[in-house]
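Asks: any chance you can model this:
(one chain, ligands or ions: 3)
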Amino acid sequence: MASSVLSIKKVLKLACNEAGEIIKKSFGSIKKISSKGKNDWVTTQDKKVEKHIIDTIKKYYPDSSFIAEESGASPKSSRIQWIIDPIDGTNNFIHDYPFFCTSIGVQVDGELNYGAIYDPLRKEFFYAEKGLGAFLNNKRIKTSQVDNLEEALLCTGFITSKKHYAKKNIDNFQKLLFKCRSIRRDGSAALDLAYVACGRLDGFWELGLNSWDTAAGVLLVKEAGGVIGNSKGKTFDILKNKSLIASNKHIFNDLMSNVQSKIL
Ligand code: IPD
Ligand code: CA
Ligand code: CA
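Replies: Numbering: from 1, shown residues only. Ligands and ions are numbered 1, 2, ... in the order given. Have a look, this model is predicted:
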């Protein structure tokens, strides 16, 4: 590992803050949008922010590898791997719907050790470090105490670029809707996970996610005392699994038994 003047935590904070400044500059104005595939949109800001984050990280940790949504995976593997979603909630961002974030998870020697999620509009910096807990703007956060589905506020997502996941999840949505207090569909999986970590949501699930959507949020929820699993309720692998269930420890089994997906 390269010796560096800045800790990984400080680099995460710096990269997130810089990303937030770029994102905020174009919030409220027309964005240049292009298509990555059917129902899959990207703005010039997604690419600009991602490049900026990677450049900042490389300044302090030149010997790093990356999995980043817009530029892909770097060929060389090194001990530190940064998993980056520059703007999670691009559709919200395009529409100036104020719910999106930057998400960065960090694996060291294959272990998910750090996670940062930053909401630039609310200036909320969610941070987790393995074994040290989860924090919102430096204050310790915990998952909620709600212990039954009936009182739970849940959230989900539908990835419309992958119809089979979205369609399958409509069944889950329908099943859960009348079993819980209510369900949100906020449009930023990473920020949804941060909200589970700090107890604003009691649970979140989605089918068809990628590592850049989940890396930071998975660590946040775990370090806040919550539970994460794949659609079979087993250990969630950020690089292999696509279907994720996250909640406080009380409602996990109940939530999981209502989420069906053949694909893990
Ligand atoms: C998407 C958001 C959305 C979720 C999709 C993701 P993006 O990420 O997290 O909430 O439903 O599955 O792909 O494209 O905005 O980075
Ligand atoms: Ca995303
Ligand atoms: Ca994104």
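Asks: below-threshold pLDDT in this structure: ranges please.
Replies: For the chain, the stretches flagged by pLDDT under 70 are 1-4.
Asks: most centrally placed residue in it?
Replies: Closest to where the C-alpha atoms of the chain average out (Cα atoms, centre = their mean) is Ala190, at 2.2 Å.
Asks: just the element for that residue, please.
Replies: helix 189-197 (DSSP states H and E).
Asks: anything in that helix near ligand 1?
Replies: Yes. Residues of helix 189-197 contacting ligand 1 under Cβ under 6 Å from any ligand atom: Ala189. Bear in mind the C-beta positions are built from the backbone N, C-alpha and C, glycine included.
Asks: and the contacts of that helix?
Replies: With contact meaning Cβ atoms under 8 Å, 6 or more residues apart in numbering, helix 189-197 is reached by 85, 88-89, 99-101, 103, 117, 119, 124, 126, 128, 134, 136, 141, 143, 155, 157, 184, 186, 201-204, 206, 209, 213-214, 216-218, 220-221, 223-224, 226, 246-248.
Asks: export it as CSV, just CAs?
Replies: Output in CSV follows, covering the C-alpha atoms of helix 189-197 (Å, rounded to 0.1, in the frame of the first residue of the first chain):
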residue,chain,number,x,y,z
ALA,A,189,-30.1,2.8,-4.0
ALA,A,190,-27.0,4.0,-2.3
LEU,A,191,-28.7,6.9,-0.5
ASP,A,192,-31.6,4.5,0.4
LEU,A,193,-29.0,2.2,2.1
ALA,A,194,-27.6,5.2,4.0
TYR,A,195,-31.2,6.0,5.1
VAL,A,196,-31.5,2.4,6.4
ALA,A,197,-28.3,2.9,8.3
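Asks: what is the following helix or strand past that helix packed up against?
Replies: Using DSSP H and E, the helix or strand that follows helix 189-197 in sequence is strand 203-206. Identification of packing neighbours for strand 203-206 by 3 or more Cβ pairs under 8 Å, 6 or more residues apart in numbering; DSSP states H and E yields strand 153-157, helix 189-197, strand 244-247, helix 252-257.
Asks: ligand 2: which of these is closest?
Replies: Across the helices and strands packed on strand 203-206, ligand 2 has its closest neighbour in helix 189-197 (6.0 Å, Cβ to the ion).
Asks: now the helix holding Ala190: how far from the chain's centre is it?
Replies: Here helix 189-197 is found 6 Å from its chain centre; the criterion is Cα atoms, centre = their mean, to the nearest Å.
Asks: do stretch 219-232 as well
Replies: For stretch 219-232, the distance to the chain centre is 12 Å (Cα atoms, centre = their mean).
Asks: alpha carbons only: can I get that stretch in PDB?
Replies: Taking Å, rounded to 0.1, in the frame of the first residue of the first chain, the C-alpha atoms of stretch 219-232 are listed here in PDB:
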ATOM      1  CA  LEU A 219     -20.900  -1.500   5.000                       C
ATOM      2  CA  LEU A 220     -22.900   1.400   6.400                       C
ATOM      3  CA  VAL A 221     -25.900  -0.700   7.200                       C
ATOM      4  CA  LYS A 222     -23.800  -3.500   8.700                       C
ATOM      5  CA  GLU A 223     -21.800  -1.000  10.800                       C
ATOM      6  CA  ALA A 224     -25.000   0.600  12.000                       C
ATOM      7  CA  GLY A 225     -26.200  -2.700  13.400                       C
ATOM      8  CA  GLY A 226     -28.400  -3.800  10.400                       C
ATOM      9  CA  VAL A 227     -28.500  -6.900   8.300                       C
ATOM     10  CA  ILE A 228     -27.700  -7.400   4.700                       C
ATOM     11  CA  GLY A 229     -28.500 -10.500   2.600                       C
ATOM     12  CA  ASN A 230     -29.100 -11.600  -0.900                       C
ATOM     13  CA  SER A 231     -32.500 -12.800  -2.000                       C
ATOM     14  CA  LYS A 232     -32.000 -16.200  -0.300                       C
END
